[in-house]
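When you get a sec, could you give me coordinates for this:
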Amino acid sequence: MAVNGVNILSSIPKSNFISTDKTGSVESSFANYLKDALTKASDLEKESTALTESFAAGNTDNIHQVLIAAEKAEIALQFTMQIRNKIMEAYNEIMRMQI
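I've put the predicted structure just below:
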């Protein structure tokens, strides 16, 4: 998924989308996918923090790189929050269903 030119899902291997284990379930592949997405968002945040600190210390003068890293981290966080919101909406909808 590309958001404003940032493709945060491109680094996740395609094997995480479909479970190849015969005893595995869809839950495990979704869990792997979500874990990888969270790890990627965390890595982008760490990279942004490191570049910001480097710029503040005067070690680099490339403000464009710092701002791009900050935007990537912000978009990844927004994407992660939207996934969480959709999961919570789905859970609440399931809990409202009458049996």
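
How far off centre is the helix or strand in which Asn32 is found?
Per DSSP states H and E: Asn32 is located in helix 26-57. Put simply, helix 26-57 sits 6 Å off its chain's centre (CA atoms, centre = their mean, to the nearest Å).

After that helix, which helix or strand is next?
helix 63-96.

how many other residues sit next to Leu34?
Look at Leu34: counted by other CB atoms under 10 Å, it has 15 neighbours. (Glycine included, C-beta is placed from N, CA and C.)

which one is it nearest to, not counting chain neighbours?
Ile83 (7.3 Å; CB to CB, 6 or more residues apart in numbering).

From Asn59, how far off is that neighbour?
Distance, Ile83 to Asn59, by CB to CB, to the nearest Å: 35 Å.

Pick out whichever of the two has more residues nearby.
Neighbour count, other CB under 10 Å: between Ile83 and Asn59, Ile83 has more, with 15 against 9.

wait, doesn't that one sit right on Leu38?
No - contact criterion CB atoms under 8 Å: Ile83 and Leu38 do not qualify, at 9.1 Å.

so what's in contact with those two at the same time?
By CB atoms under 8 Å, 6 or more residues apart in numbering, Ile83 and Leu38 have no common neighbours.

What mean pLDDT does the helix holding Asn32 get?
The predicted model assigns helix 26-57 a mean pLDDT of 88.

Any buried residues in it, and which?
Neighbour-count burial for helix 26-57, counted by 16 or more other CB atoms under 10 Å, picks out Ser29, Asn32, Tyr33, Ala37, Lys40, Ala41, Leu44, Glu45, Ser48, Leu51, Phe55.

Point out the other helices and strands that it packs with.
helix 63-96 (3 or more CB pairs under 8 Å, 6 or more residues apart in numbering; DSSP states H and E).

Just want the angle from the helix it packs on to helix 26-57.
With axes from the mean of the first three to the mean of the last three CA atoms, to 10 degrees defining the directions, helix 63-96 sits at 150 degrees from helix 26-57.
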